[in-house]
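Trainee: Please work out how this folds:
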Amino acid sequence: MIEDGDRGFTLGDGLFETLLVEDGLVRRAQMHWDRLAAGCAVLGLPAPDWGAIATPKLTEPGRFALRVNWSAGSGGRGLDRPKPMRPQMSFVVASSPLPGPARLVTASSVRRNAMSPASRLKTLSYLDNVLAREEARAHGGDEAVMLNTDGNLACAAAANLFWIAEGRVFTPALDCGVLAGIARAQLMAAHPVQEVAAVREALDGAEAVFLTNSLVGVRAVASLDGRALAPHPLVGSLRAALEL
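Mentor: Take a look at the predicted model:
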């Protein structure tokens, strides 16, 4: 019998980061640590003391995803956090090959709550994203477009969403219930991007759609709800910029 379960497991009370490791080199580590600390401040969690934590040493060649989980720790039954909290860290390492262009399907069964702080954080409760991805796969896609409760575009299940229209690059604003992605920030620093609140129909007239996250950088979209999208030279240029 489990008498004192970890709150990350029982309640999703915690945060995570997923870092790319290429040939033993951890990419953008400080940006991930800073985001995790900022998320802790929002949730009222103590931030990790990185000097006291032994992170895994990955030296073998290849691409790997290093997931860092930071949970609120054990706290007994119920919602109230123990005082003091004793957060716990765990690590998961998995191979991370580069995927091909995405096949997007708009999820209708679940929406992001833009009013919730959790919609802008990488919390340990990702069930909405899981359900959106499952819906996309059931309809022939491999990634979902998620709308928020106002009906505006938010993100993909595991990536930030961008599109190109009239030669300009657009992305949903953070207050649409969007994670402040690491690759998203890097792309916006490298190229002008307009943050907007836009309905799903904005993608119908787009010249191109693409995704970003820390594991893939820029990922082109090959189709959206069954409509084929042609390759766009700007997407290739942005991918190259993020690989530098």
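
Trainee: Quick check: residue 136 touching residue 146?
Mentor: No: the pair residue 136 / residue 146 is not scored as a contact, 9.6 Å apart, by CB atoms under 8 Å. (Each C-beta comes from the backbone N, C-alpha and C, glycine too.)

Trainee: shared neighbours of the two, which are they?
Mentor: Common contacts of residue 136 and residue 146 (CB atoms under 8 Å, 6 or more residues apart in numbering): 107, 157.

Trainee: Looking at these two, which one has more neighbours?
Mentor: residue 146 (28 against 24; other CB atoms under 10 Å).

Trainee: can you pull the contacts of residue 89?
Mentor: Contacts of residue 89 (CB under 8 Å, 6+ apart): 48, 53, 68-71.

Trainee: same check, this time on residue 109
Mentor: 131-132, 135.

Trainee: Tell me the spacing between it and residue 128.
Mentor: Residue 109 is 10 Å from residue 128, where distance means CB to CB, to the nearest Å.

Trainee: Same check on residue 54?
Mentor: 33 Å.

Trainee: Closest one to residue 215 out of the contacts of residue 89, please.
Mentor: residue 68 (13.5 Å; CB to CB).

Trainee: Run through the neighbouring helices and strands of the longest helix along the chain.
Mentor: Ranked by residue count under DSSP state H, the longest helix found in the chain is helix 29-43. When contacts are defined as 3 or more CB pairs under 8 Å, 6 or more residues apart in numbering; DSSP states H and E, helix 29-43 packs onto strand 14-22, strand 63-71, helix 182-190.

Trainee: again, only this time at 6 Å
Mentor: On a contact count with 3 or more CB pairs under 6 Å, 6 or more residues apart in numbering; DSSP states H and E, helix 29-43 meets strand 14-22.

Trainee: Give me the distance from the strand it packs on to the chain's centre.
Mentor: Distance, stretch centre to chain centre, for strand 14-22: 10 Å (CA atoms, centre = their mean, to the nearest Å).
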